[in-house]
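[1] show me the folded form of this:
(one chain, ligands or ions: 1)
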Amino acid sequence: MSPAWSGHDVDTEAAAYWAKRIAAALAAAAIVQAVAAAYRSAQASGSTDQASLAAILAAQGVTTLIAAALLQQLAQVHAEGAAIGREAAEAAVTGGSVDWSDWQPGDPPADAVAGLVALEMGERAAAQAMAQSRVNALARKLAAASQNGQVDAAGIARDELSDPGDAHQVALTEIVLASSAAAIAVYQRHGVQWHRWVTERDGKVCAICRANAKAGPVRVGMPFPSGDLMPPIHPNDRCGTVPAHMPQGGSRG
Ligand SMILES: [Zn+2]
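    All right, here's what the predicted structure looks like:
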C-alpha cells in the first residue's frame, strides 16, 4: 500500500488561481499596445506575412515583454507548487496525508523554492521559450486576419494572450514541476531512496504516465521508463511521486 499523493487535492485549484494571474499579466495594456504598434509598422512596410510579423514583433520588444511578465508569474507559481509539493511529500514520507482546510491559493511562503536551484535557473529559459511560442501564435493570427481586411491588432493580442486554456496549462504544468522538484528534495532530505510514480485517477492519464506508474519503485534520481526523473512529462500532467519500498527479487509490486 503506497501513501497517497496529497498534491492532487489542490493542484487544479492552485492552477485556476494562477491561470487568471498569468492571463492578466500577459494581456497587460503595455504588451497589447506593443503588439498593436508592431502591427502598424508591419502594415506600413507591407510585411504582414507570418514570418515578417514574428520578426517585427520580436524586434519591437514584444517577446521580451511577454517573457518578463511570464518570468514574474513563474517565480510565484513555482513557489506555490513547491509549497504544495513540500507538504504533500512530508505527509507521504510519514504515510499520512495533508489537511488542506486552511490552505488558500495565492499566498505561497517566500522560502518555498529555496534550494531548488535547477528550478530557479530554468525559469528564465522556460519564460523565453513560452514567450517565443506566444509571439509565433500572435504572428499567425495577425497574418491570417490581415488577409481579411481591417485588423484589430490590439483585440487579437488581448484574446490570444489572455487565452484561459493556455494560461491554465502553463499554471498547472509549472505547479506540478515545482511540486515534484520540492518533493524530491524532501525525499532526499529524509533519506528516501525509492519512490513510485502516482497518476491522478481521473481516466485522463496518458499511456506513458501509466507505464511509469506500472513500473513500480524507482531509485530517487534515476529515470522512470519514460526517461524522466519526475513529473510533469507533458502539458497538464498531474502525476506525482511517493516514497516506496525497495523492490524485492525483481518484484514490481
Ligand atoms: Zn502524468
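
[2] below-threshold pLDDT in this protein: ranges please.
    1, 249-253 (pLDDT under 70).

[3] in a helix, Gly149, correct?
    No: read with DSSP: H, G, I helix; E, B strand; the rest coil, Gly149 is coil and lies in no helix.

[4] residue contacts, it?
    Listed by Cβ atoms under 8 Å, 6 or more residues apart in numbering, the contact set of Gly149 is empty. All C-beta spots, glycine's among them, are computed from the backbone N, C-alpha and C.

[5] do Val176 as well
    7, 11, 81, 231-232, 237-240.

[6] which of those residues fall in helices?
    Mapping those onto helices (DSSP state H) picks out 11, 81.

[7] number of nearby residues for whatever residue of the stretch 51-200 of the chain ends up closest to the ion?
    Here the stretch 51-200 of the chain gets closest to the ion at one residue, Thr199, 5.5 Å apart by Cβ to the ion. The local packing of Thr199 (other Cβ atoms under 10 Å) involves 20 other residues.

[8] which bits of the chain sit near the ion?
    Residues of the chain found near the ion (Cβ under 5 Å from the ion) are 209, 237, 239.

[9] redo these as a markdown table? Include neighbour count and distance to Glu90.
    Shown next, in a markdown table, are those (neighbours: other Cβ atoms under 10 Å; distance: Cβ to Cβ, whole Å):
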| residue | neighbour count | distance to Glu90 |
| --- | --- | --- |
| Cys209 | 24 | 24 |
| Asp237 | 21 | 22 |
| Cys239 | 27 | 19 |
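
[10] which of these sits closest to Ala25?
    Looking at these and their distance to Ala25, the nearest is Asp237, at 23.2 Å (Cβ to Cβ).

[11] mind listing what that closest one touches?
    Residues in contact with Asp237 (Cβ under 8 Å, 6+ apart) are 173, 176, 206, 209, 231.

[12] redo that, cut-off 10 Å
    172-173, 176-177, 180, 199-200, 205-206, 208-209, 228, 231 (Cβ atoms under 10 Å, 6 or more residues apart in numbering).

[13] related to what we said a few turns ago, my guess is the residue of the stretch 51-200 of the chain closest to the ion meets Trp5, correct?
    Yes: judged on Cβ atoms under 10 Å, Thr199 makes contact with Trp5 at a distance of 9.1 Å.

[14] overlap in contacts, the two.
    Shared contacts of Thr199 and Trp5, counting by Cβ under 10 Å, 6+ apart, come down to 231, 238-240.

[15] most neighbours out of those residues, which is it?
    That'd be Gly240 among the shared contacts of Thr199 and Trp5, by other Cβ under 10 Å, with 29 neighbours.

[16] may I have the beta-bridge partners of it?
    Taking DSSP bridges as the rule, Gly240 bridges to Val198.

[17] sweet, I'm off.
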